[in-house]
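> heads up, no residue letters with this:
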């Protein structure tokens, strides 16, 4: 009898330890991505540049990267804070997401070296659209497919998914605009608006009751 009751407890402890290690790995990769982005800060080269003109573009891109990566990190922490466990497919989705986060220094480097070109903003928008798509895929799987969440209502679960999908549509709108596609911009914007409304609707008290 004791052996039978101890088995679920042991499995639960192992699952919790696996989740904790996944969170630590994720936090470490986010920290490395921000650190490597800071390493790329260099002054602009050119004659007659003031101190502000030399450093402003690099610092602007860095702080923008820090802010956006921080927002991604907070969304990721919110997701894992609602998990009681993580399975194999969820771990794989998370690892794919982390691989994209680790590429952010490359995106920052491109934006710094091509700051005067339109393509730098396109790469930025696409990168964050893909990152938010990864977050949406992770949350969609753990919350709706595997049902590994705990201490969160159905309305709050849907609200978070709609917010993540809205972010994907928003950055896709920016990317389409940078590409000069008015049709693509309009389509992405038309997708983004109802997603934002749905997220707001799920956050209302009437949706939670």
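Received, thanks. Please read all numbers here as calculations on a predicted model, not as lab measurements. Numbers count the residues shown, from 1 in each chain.
> Break down this structure into its helices, ranges please.
For the chain, helices defined by DSSP state H occupy the ranges 2-39, 51-81, 88-102, 104-113, 119-140, 154-178, 182-202, 205-208.
> would you list those in CSV and tack on mean pLDDT?
Conversion of those to CSV gives the following (pLDDT from 0 to 100):
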stretch, mean pLDDT
helix 2-39, 79
helix 51-81, 87
helix 88-102, 95
helix 104-113, 77
helix 119-140, 91
helix 154-178, 96
helix 182-202, 97
helix 205-208, 71
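> which stretch among those helices comes nearest residue 148?
helix 88-102 (6.6 Å; CB to CB). All C-beta spots, glycine's among them, are computed from the backbone N, C-alpha and C.
> Off-centre distance for the closest one?
The chain centroid and the centroid of helix 88-102 are separated by 11 Å, computed with CA atoms, centre = their mean, to the nearest Å.
> Return the set of buried residues in that helix.
90, 93-94, 97-98, 100-101 (16 or more other CB atoms under 10 Å).
> try stretch 30-39
Under 16+ other CB under 10 Å, the buried positions of stretch 30-39 are 30, 33-34, 37.
> and what of stretch 64-71?
For stretch 64-71, the neighbour count (16+ other CB under 10 Å) marks 65, 68-69 as buried.
> ok, so of the buried residues of helix 88-102, who is nearest residue 82?
Comparing the buried residues of helix 88-102 against residue 82 with CB to CB places residue 90 closest, at 12.3 Å.
> what's the burial count for residue 175?
Around residue 175 there are 23 other residues, counting by other CB atoms under 10 Å.
> and what of the one 5 residues further on?
Using other CB under 10 Å, residue 180 has 10 other residues around it.
> how close does the most centrally placed residue in the chain sit to residue 21?
Compute the mean C-alpha point of the chain, and by CA atoms, centre = their mean the closest residue is residue 72, 3.5 Å away. Per CB to CB, to the nearest Å, residue 72 is found 20 Å from residue 21.
> Could I get the contacting residues of residue 85?
12, 15-16, 18-19, 148 (CB atoms under 8 Å, 6 or more residues apart in numbering).
> Quick one: buried ones out of those residues?
Buried among the contacts of residue 85 by 16+ other CB under 10 Å: 15, 19, 148.
> what's near enough to touch the nearest residue to residue 70 once chain neighbours are set aside?
Sequence neighbours aside, residue 34 is the residue nearest to residue 70 in space, at 7.8 Å (criterion: CB to CB, 6 or more residues apart in numbering). By CB under 8 Å, 6+ apart, the contact set of residue 34 is 65-66, 69-70.
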